[in-house]
Every structure is written in structure tokens, then in C-alpha cells.
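K.L.:
sequence and computational prediction follow.
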Amino acid sequence: MYINVMTNGPNHTTRAELPQADPLDHFLCFSVYAAGLAFNRVYKPLLDRYAVTYPQYLAIVALSSKDGQKVSELGERLFLESNTLTPLIKRLETAGLVSRRRDPKDERVVRLSLTPTGRDLADEALQCVPGEILQATGMSSEDLSSLNQTMIALGSALREIE
């Protein structure tokens, strides 16, 4: 990129080459995407010790806050479609971390609960993982909380467009 640079007074200009910034550096969406990839790299070794993936971890955390959730509720909370959520739940069930049962009031509804093993995993992971992530970011908990609130508002605004 070339720009006119003033030298030796206002009547004399020369062309100078300036380093061009990477256009992606100006895309918030790319910054969010790149940060998400970086988070996944940090989470992977932390979650490997629990033998769960990041999406599975999110499902376990969401189920730990409310037992007996409908599959549809979990999907809405995690922003996952059923074709992604169903195999994830089946893998958690196979691993003995989640149980599925039909709602006795409406057989079409499937409810999810953590098994005792799943609850133990959730309790242990929630005691360790968030602190390790905080440390990995190098940010203060106040700064991360503020950033999180901003990201929640951004996501909400973008979902309103749909």
C-alpha cells in the first residue's frame, strides 16, 4: 500500500510504502473464530483427562445445572441442531455419563440426566477446568467477565437477525 507522506514542508510530498495490515485483523468475526480455535487447543488436554470432547463437556456442564432436561432444551442452550446433538448424547450415554428416559407424561419427550459418574465428572471438572482456563488467558477474572458479557450481548444481537 502506498500513501503520500509529507516531508520538508507542506508543499513537498513523496510516495512511501507502508506495511499493509492483514485485512483479517479488521474482521471481528475472524478474531472470534481464531480465539475459539485457540480455546479448543487449550481445552483439549484439560478435557482429555476426563475422556470428553469440548462439546461433550458443555453438555455435561449444562446438564449439571438442571437435571431432567428435555433434549430440545439442551439443544437450545448449546445452540446445537438435533442431528449434531443426538450423536453427542449417545456417546455420553455409551460412556456411562448420561441417561436418557422417556417422559411418562409424554412419550415423545426424552429427558436427560447425568449418571452418578457423570455428576462426579462434572463436579471434578468444574472445580479444575475454569481456573486453568482463566490462568491460560492471562486476563483477570473481572476482564474475562466483562468480555463474556460483551460476547453474550453480541451473540444475542446476531441471533436476533436470523
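P.N.:
All right, it came through fine. Numbering: from 1, shown residues only.

K.L.:
pairing partners for the lengthiest strand in the chain, with directions?
P.N.:
Determined from DSSP state E, the single longest strand within the chain is strand 106-114. Strand 106-114 sits in its sheet next to strand 69-70 (antiparallel), strand 98-103 (antiparallel), going by DSSP bridges.

K.L.:
please identify the deepest-packed of the ones you listed.
P.N.:
Of the strands paired with strand 106-114, the one with the most neighbours on average (mean count of other C-beta atoms under 10 Å) is strand 69-70, at a mean of 16. All C-beta spots, glycine's among them, are computed from the backbone N, C-alpha and C.

K.L.:
orientation of the next helix-or-strand element following that one relative to strand 106-114 in degrees?
P.N.:
Following strand 69-70 in sequence order, the next helix or strand is helix 71-78 (DSSP states H and E). If you take axes from the mean of the first three to the mean of the last three C-alpha atoms, to 10 degrees, helix 71-78 sits at 50 degrees to strand 106-114.

K.L.:
re the thing from before, K44 is nearest to which of the strands paired with strand 106-114?
P.N.:
strand 98-103 (20.9 Å; C-beta to C-beta).

K.L.:
closest to the centroid, which residue in the chain?
P.N.:
Residue closest to the average C-alpha location in the chain (C-alpha atoms, centre = their mean): G36, at 6.6 Å.

K.L.:
give the rounded mean pLDDT of the helix or strand hosting it.
P.N.:
Secondary structure assigned from DSSP H and E places G36 in helix 28-48. Averaged across helix 28-48, pLDDT comes to 95.

K.L.:
where does the spatially closest residue to D123 that is not a sequence neighbour land on pLDDT?
P.N.:
Among residues not flanking D123 along the chain, S64 sits closest, at 7.6 Å (C-beta to C-beta, 6 or more residues apart in numbering). As predicted, S64 sits at a pLDDT of 96.
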